[in-house]
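Participant: sequence first, then the predicted structure:
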Amino acid sequence: MLADMVAPGNRLVDVGCDHGYLSIYLVREGVCPGALAMDIRKGPLACAEEHIMESGLGDYIEVRLSDGLAAYAEGEAETMVCAGMGGRLMEKILTDSMEKARRLQELILQPQSELQEFRAFLRKAGFTVVKENAVCEEGKYYFAMKAVPDSAVDCAIMKTSGRTAAKRQMIEKKTSEKESMGQLYDRFGELLLKERHPVLLEFLLQRQTYVEQLRKSLAVQDSKKAEGRCAELDGETAVIKEALSFYA
């Protein structure tokens, strides 16, 4: 899923590369001419280096010990992948090296948690999500997104429209829609909803069933805590139903 989001021909920096398999795959398949595999942990980085040597790609993939993008120099890559960690940690990585991140062509991101907060952070930090995907593996759902700097989106609109007025209208329309649907889009992914992604539908239906069953079990408890939790679950049920309306 992550590899399919990388633009062919781009050099890669994989932040939190773990064992280096993504870099190896992308270079071996000719998607990326080279890659920089980085991790804050020496153990996984040593494994990554071993796997890279075994694959015969040592001349094309460099390993580097790094806390986020700290050891990355601007211009070394066009695509950054950051996957398999919590949304708050990914937000910190980007915040700590924001200027470096904004100079990349694309960010391929797969937060394991805090997706709603992370999507909101991207938007406020000046990035636009241009592609989303989702998979379910062994009962766990994984959501990924490709984000680009807003400046790149503005340039694309200018090339398409050719007029400042047309550009402004398109941006205003997009901004108005996001304001009215913002929380729903942040929670479940604007493009996943609009494209009626089947994995998101599976996730929504599973979550709806879980919430409804939990609501029934709490309803028989006579306590303020249970009552408050039921109110929260009712709110979540309403949000899920709103998301499911995209599939109607």
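Facilitator: Arrived safely.

Participant: let's test this: name the helix or strand in this structure with the lowest mean pLDDT.
Facilitator: helix 150-161 (a mean of 58; mean pLDDT, DSSP states H and E).

Participant: may I have the secondary structure class of the residue in the chain sticking out farthest from the centre?
Facilitator: In the chain, counting by Cα atoms, centre = their mean, residue 222 sits farthest out from the average C-alpha position, at 40.7 Å. Of the three states, residue 222 takes coil under DSSP: H, G, I helix; E, B strand; the rest coil.

Participant: gap between it and residue 229?
Facilitator: 13 Å (Cβ to Cβ, to the nearest Å). (C-beta placed from N, C-alpha, C; glycine too.)

Participant: and the strands in this structure?
Facilitator: 12-15, 35-39, 61-65, 79-85, 106-111, 127-137, 140-149 (DSSP state E).

Participant: can I get the shortest one in CSV, CA atoms only?
Facilitator: Read it as strand 12-15. Taking C-alpha atoms only, strand 12-15 is exported to CSV below (Å, rounded to 0.1, in the frame of the first residue of the first chain):
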residue,chain,number,x,y,z
LEU,A,12,13.2,8.1,-0.9
VAL,A,13,13.9,8.9,2.7
ASP,A,14,12.2,6.3,5.0
VAL,A,15,11.9,7.8,8.5
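
Participant: in this structure residue 81 contacts residue 14, no?
Facilitator: Yes - the pair residue 81 / residue 14 is scored as a contact, 4.8 Å apart, by Cβ atoms under 8 Å.

Participant: need the overlap of contacts for those two.
Facilitator: residue 22 (Cβ atoms under 8 Å, 6 or more residues apart in numbering).

Participant: before we move on, the earlier item: return the most buried member of the strands of the chain.
Facilitator: Mean neighbour count (mean count of other Cβ atoms under 10 Å) peaks for strand 12-15 among the strands of the chain, with a mean of 28.
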